[in-house]
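Chemist: A structural model of the following input is requested.
(chains A, B and C)
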Amino acid sequence: MQTKSKVYLVVVHTLLIIGSSVMIWPFIWMIITSFKTVTEATAMNPFRFFPSQLRFENYQGVIEQFNFLKLYFNTFSMIAINVLCAIVFSSMAAFAFARLEFPGRDFCFGIVLFQMMIPTQIFIVPQYLMVDKLGARNTIFALVFPGLVSAFGTFLLRQFFKMIPKELEYSARIDGCNIGQMFVRIMLPLVKPGLVALAIFTALFAFKNLMWPLIINPSPDAATLSSALSKIQSAYSVNYPRLMAASVLAVCPMLILYFVFQKQFMESVVTSGLTM
Amino acid sequence: MGEQRTKKRIGKNRISEWLWGWFLIAPTTIGLIILNIIPAIQSFYMSFFKIGDFGVNNEFVGLANYEKMFNDPQVWRAVINTLRYTVLVVPVSIFLSAVIAVILNSNIKGQDIYRSIYFIPVVATPAAVTMVWRWLYNYHYGLINFVIKKIGLQPVKWMDDPNVAMLSIAIIGIWSIVGYNMVLILAGLQEIPKTYYEAASIDGANSIVMFFKIILPMVSPTIFFVMITSIIQCMQVFDVVYMMINVSNPAYDKTVSLVYLFYNNTFKYYDEGYGSAIVMLLLVIISIITVIQVKLQKKWVNYL
Amino acid sequence: MKRRILAFGLALIMMFVVMLTGCGGSKTDQSSGQTQQTDKPASKEDNSSKSSSGPVTITYGLWDTNQAEGFKTMISEFEKENPNIKIEMQVTGWAEYWTALDVAASSGTLPDTFWMHTNSIYKYTSQERIMDLTDKIEKSDKVSMDNFPQGLVEIFKYNGKQYCVPKDFDTIGLWYNKTAFDEAGLKYPDETWTWDDLYEAAKKLTKPDKSQYGFLAALHNQEGFYNFIYQNGGTVITPDKKSGYDDPKTIEAMEYYVRFVKEGLSPQVFDDAERAQLMQNGLVAMGLFGSWNLSGFAANEFMAQNCDVTVLPASPGGGRASIYNGLGYAIAPNTKDENAAWKWIEYLGSKEGQTRQAELGIAISAYNGTADAWVESNKTFSIKCFIDMLDYAVIRPYSNTTTVWEDKVYEELRGAFTEEKTVEQACKDAARVMNECLAQE
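Modeler: Sure, this is the predicted structure:
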């Protein structure tokens, strides 16, 4: 590659740094505000840019009112179950859609595509009634219910299975593997990047979902971080420092996970996009 | 070729393959039918009814909901707003992410750090993100207006001014999607063999020519994917508008999206039939756009 | 790609096929829903016999986090008295509360006990989604409707039956920033004030550099223009269910209210949440806020130090009004334990429970004679005015579809505040859309 001139580098780095600040500034502002009092937060005075002291009252306030331990537990149980279901069921279906021939295959795959195009809001009321009939509101099951199967996951993994060379399949068959063995022993290990990508996407979807947990689990002990956050917003609509404290608590777990598994996060995005 | 070979396989194997296939897709297919297909059909069915309180005394009204919809100026405003949002967010975010990705791809120092930072908004909950943006946009006490006033300009009503509110919402949309698209495009760029650049620079191509002649065609499949997913996502915009703009806001008419309108009619005004009709309209629009895109892709997407 | 499109087409065809069968399906759904309801009494008995063996959990749905604090105390006191009953509070925000309650009502899974509001009372009673409490109240020696203001009892009546026990009421007061008045050398507002005094004071309190506005005339009905409309003898909804927005008296009141915005004496405010914020930062010197804000305002250091509240001013003709509204306690018709649920509601509606609610400063209890206890609960502000206004208070206008037309009216009226149209035009438009909604009831 050609060597870059110094001017070019300075300009580029300046631009990138400005861009980065725009990207993380809302989060920094969130943290700064969360330590302020309401008066400090609304007194727009440059000398009061930072809180006069580190106050944890806002955090105390939200933790007293909302059982965050329980919220973390609910959220992560929901994510874990959703991820597990997505991986197991989607990989099974995706493998069949990609590598097997059987009547009704294209039709069923049509259902998968169809689901991906419909706005999810359409499903809320009928799904609610189903959970309700089962008497399962305010449970973890209710939270995971809409995500028990994943059309997106099936679609994504199908692309991965399609990329596996036919030769592998033939050699497996010659070795006497039946289809199940071939799927588990040979194919599944080959789509590992796809599985990681699916796990991360499923976790993000579940984590971000707001409307469903809000409606299906009204009990505060069965809420998730997002749904509790919106309740906190209606409770402290104008107390921004407290809202920001709650936001920090709600955003943190995913951010920590992100920094720990950064590489996987990036790769998962990349692999999902390259398989189209 | 492969298909023919499979068909030639003897009967027993074929039956076994059928059985395996059905077995493997059973959970997903049954799940999708119960969780998604039936509810979607119920919604479609509902769009021909005037739903009574609590779903009792439903009255078949034929196409009345659709008739009402086509004569409802608010629905058309929502269609325009939704499209406007999409037109604002998709090109700008793709352009920005492409530029950042190209810069980062030129082996710049700190590439990984920049990439990680740009990606952060993707992992945050929309509820929290909107809250902090509301706070930044606040007319009287928001940081943005504070800075604007310091420079000596007039403060802006980011959320109340009908001419600005859509822009404010689009900024949040762009902000939260840029990192995701950037990582995708960056990955696409890294697939391009170095020899291409070398050949081009020997030919005396400058960076701009290089961008349009080499980079763009090479990453066009990635950009196509990014575009399709972004458009579908943008057409369903709801969370941010819902949390920022309420009905009494003067910018409501200029920002209300189709899904927001659906939400209001279904869950606030309890007119589920009308709400369903609105979602059907959204479905039709998304389908049309997707078909057009798929048709157009042949003209500009370069598959190797 | 071709194959994909083919598959998609097939899916569509199948959709229509299933739709036909789906029609039948949903019909049976409904009938099974009804049988479910008729089944309920049997299972209820099951449960009540169970209650003797262990504590029964009664869910209690409400939408106000501030009040939830006080109810924690009341619940623990109640549970001590009734070891067999556990109360589980379910707090939600206002908007989500109604969404969730409505879906729950459709499927018969309401919380055992919950709050009811005038906006939805008709819908719930007419479809019998809340329990008729007439017999229970008659038999009870603790709860009697004679102990509550007649107006509040009436709103929870339908076809001569009592569906809710009144919980509390709220009125709207004029909040003002004492420090701002001192600086301007003005006398604090009091019961002698009229619209002119409010206007003159607002003029003097507005600073040219916009660092302080005299009055907060936000686009808000209950804590805003409704009060002025009724003070002026106008109306929002007529007894025969027509819109009152085209009433000249209503338009006159709206003209007065919007004038504050037009002349720059009030900021343009449309966001519900932002209003209190402006008061809490001294950006507006006066504003209308309901009594339910009390605990929030008292907790705010700026307001506790600088602000106070008084009765609303009278119209030039001497007309007085303050919008008042009451909440009610309701029981789900299919509660798992009718007796336990009633015990809890009976306690909440009894003199003891109502006094406790007042003492703890949760809300102005509806029970006659408990007002003093509520006034005592807060020394920060002179809150007695909220009770004084009850003499001339007007019930918040409502009909069967209040939520719908209130939103539609907002959509029309906001043009007057942004000066896109004249007040008169905005009111006429509001009347038109409101009448369209009312016609569909």
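Chemist: Burial check on the residue nearest to residue A:118 when sequence neighbours are not counted, number of neighbours?
Modeler: Excluding the flanking residues, the one nearest residue A:118 by Cβ to Cβ, 6 or more residues apart in numbering or on different chains is residue B:40, at 5.7 Å. C-beta coordinates here come from the backbone N, C-alpha and C atoms, glycine included. The tally of other residues near residue B:40 (other Cβ atoms under 10 Å in any protein chain shown) stands at 24.
Chemist: quick one: average pLDDT of the one helix or strand residue B:40 maps to?
Modeler: Here residue B:40 sits within helix B:38-46, counting by DSSP states H and E. Helix B:38-46 shows a mean pLDDT of 88.
Chemist: next SSE after it?
Modeler: Downstream of helix B:38-46, the next assigned helix or strand under DSSP H and E is strand B:49-50.
Chemist: Is the helix or strand just after that next one positioned near chain C?
Modeler: As assigned by DSSP H and E, the chain's next helix or strand after strand B:49-50 is strand B:59-60. No - figure legend: strand B:59-60 not in contact with chain C (Cβ under 8 Å from any Cβ of the partner chain); closest approach 10.3 Å.
Chemist: list the contacts for residue 167?
Modeler: I'll assume chain A. Contacts for residue A:167 (Cβ atoms under 8 Å, 6 or more residues apart in numbering or on different chains) come out as none.
Chemist: actually it's chain B I care about, not the one you picked
Modeler: By Cβ under 8 Å, 6+ apart, the contact list for residue B:167 reads residue B:88.
Chemist: helix, strand or coil for it?
Modeler: Following DSSP: H, G, I helix; E, B strand; the rest coil, residue B:167 is assigned to helix.
Chemist: distance of it from chain C?
Modeler: Distance, residue B:167 to chain C, using Cβ to the nearest Cβ, to the nearest Å: 18 Å.
Chemist: now swap in residue B:97 and tell me
Modeler: Where chain C is concerned, residue B:97 sits at a distance of 26 Å (Cβ to the nearest Cβ).
Chemist: just checking, that residue is part of a helix?
Modeler: Yes - assessed by three-state DSSP, residue B:97 belongs to a helix.
Chemist: helices or strands up against the lengthiest helix in chain A?
Modeler: The helix spanning the most residues in chain A, taking DSSP state H as the definition, is helix A:68-99. Applying 3 or more Cβ pairs under 8 Å, 6 or more residues apart in numbering or on different chains; DSSP states H and E, one finds that helix A:68-99 makes contact with helix A:105-117, helix A:140-144, helix A:151-163, helix A:192-208, helix A:225-235, helix A:240-260, helix B:11-32.
Chemist: Report the rounded mean pLDDT for the longest one.
Modeler: Averaged across helix B:11-32, the pLDDT comes to 89.
Chemist: Quick check: which helices or strands does that helix pack against?
Modeler: The contact analysis (3+ Cβ pairs under 8 Å, 6+ apart) places helix B:11-32 against helix A:68-99, helix A:105-117, helix A:151-163, helix A:179-181.
Chemist: can you map out the helices along the stretch 251-400 of chain C?
Modeler: C:272-280, C:294-299, C:301-306, C:338-349, C:351-359, C:371-376, C:384-388 (DSSP state H, counting those that start in this stretch).
Chemist: likewise the stretch 51-200 of chain B?
Modeler: Under DSSP H, counting those that start in this stretch, the stretch 51-200 of chain B gives helices at B:64-70, B:73-105, B:111-119, B:126-137, B:143-151, B:165-190, B:194-202.
Chemist: any chance of those helices in JSON lines, with mean pLDDT too?
Modeler: Shown next, in JSON lines, are the helices of the stretch 51-200 of chain B (pLDDT from 0 to 100):
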{"stretch": "helix B:64-70", "mean pLDDT": "91"}
{"stretch": "helix B:73-105", "mean pLDDT": "92"}
{"stretch": "helix B:111-119", "mean pLDDT": "89"}
{"stretch": "helix B:126-137", "mean pLDDT": "88"}
{"stretch": "helix B:143-151", "mean pLDDT": "88"}
{"stretch": "helix B:165-190", "mean pLDDT": "90"}
{"stretch": "helix B:194-202", "mean pLDDT": "74"}
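Chemist: Take the ones you listed and lay them out in a markdown table including distance to residue C:94.
Modeler: Compiled in a markdown table, those are given as follows (distance: least, Cβ to Cβ, whole Å):
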| stretch | distance to residue C:94 |
| --- | --- |
| helix B:64-70 | 28 |
| helix B:73-105 | 23 |
| helix B:111-119 | 36 |
| helix B:126-137 | 17 |
| helix B:143-151 | 28 |
| helix B:165-190 | 23 |
| helix B:194-202 | 59 |
